[in-house]
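Peer 1: Provided below are the primary sequence and the corresponding predicted coordinates.
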Amino acid sequence: MIKCNDLKIDPVSLGSPMLLVDVSPVYAYDGGHRTSQVVGHKYQVSLPAHRMKKLGVKIDGPQQMARPDEPTDVVFTGLEIGLWEIEGSVRLSAKATGIRPAKATPKS
């Protein structure tokens, strides 16, 4: 039987733009307890195509963008969206390898 964590969601279904609204550190855990070691960052984006619902995207390693003063259009590289189940509830997970500001479109 196929499990929900065997499925991947096409990132295109998230729509565009993706607006970066917050950045927070992701900490390592040891024996179920959080350590002070930062192992990555979670980039919280708001999705206009989904009534501004938010999605946290984890990127391992050093911080690639700072928290913006106002929502900023961004593009992720290597974005993967998956599902997982905990206590009968299905959750979304998102990870990427990079993030950058979206290029501004030329005005005519």
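Peer 2: Alright, I've got the coordinates.
Peer 1: contacts, neighbours, all on C-alpha from now
Peer 2: Will do.
Peer 1: phi, psi of the closest residue to H50 other than its chain neighbours?
Peer 2: With sequence-adjacent residues excluded and distances taken as Cα to Cα, 6 or more residues apart in numbering, H50 is closest to L14, at 7.4 Å. Backbone torsions of L14, given as degrees, to the nearest 10, read phi -80, psi -20.
Peer 1: what's the answer for the one 4 residues further on, then?
Peer 2: With angles defined as degrees, to the nearest 10, M18 sits at phi -110, psi 120.
Peer 1: identify the bridge partners of it.
Peer 2: V74 (DSSP bridges).
Peer 1: any idea of the mean pLDDT in stretch 101-108?
Peer 2: Averaged over stretch 101-108, pLDDT sits at 66.
Peer 1: pull the longest strand from the protein.
Peer 2: strand 33-47 (DSSP state E).
Peer 1: and that strand, what does it pack onto?
Peer 2: The contact analysis (3 or more Cα pairs under 8 Å, 6 or more residues apart in numbering; DSSP states H and E) places strand 33-47 against strand 18-30, strand 53-60.
Peer 1: quick one: contacts of the first one?
Peer 2: Read that as strand 18-30. 34-48, 58, 65-68, 70-75 (Cα atoms under 8 Å, 6 or more residues apart in numbering).
Peer 1: quick one: stretch 18-35 to chain centroid distance?
Peer 2: Distance of stretch 18-35 from its chain centroid, counting by Cα atoms, centre = their mean, to the nearest Å, is 11 Å.
Peer 1: rewinding a little: now the helices and strands packed on strand 33-47 in CSV, with distance to I86 and mean neighbour count?
Peer 2: Shown next, in CSV, are the helices and strands packed on strand 33-47 (distance: least, Cα to Cα, whole Å; neighbours: other Cα atoms under 10 Å):
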stretch, distance to I86, mean neighbour count
strand 18-30, 18, 18
strand 53-60, 18, 19
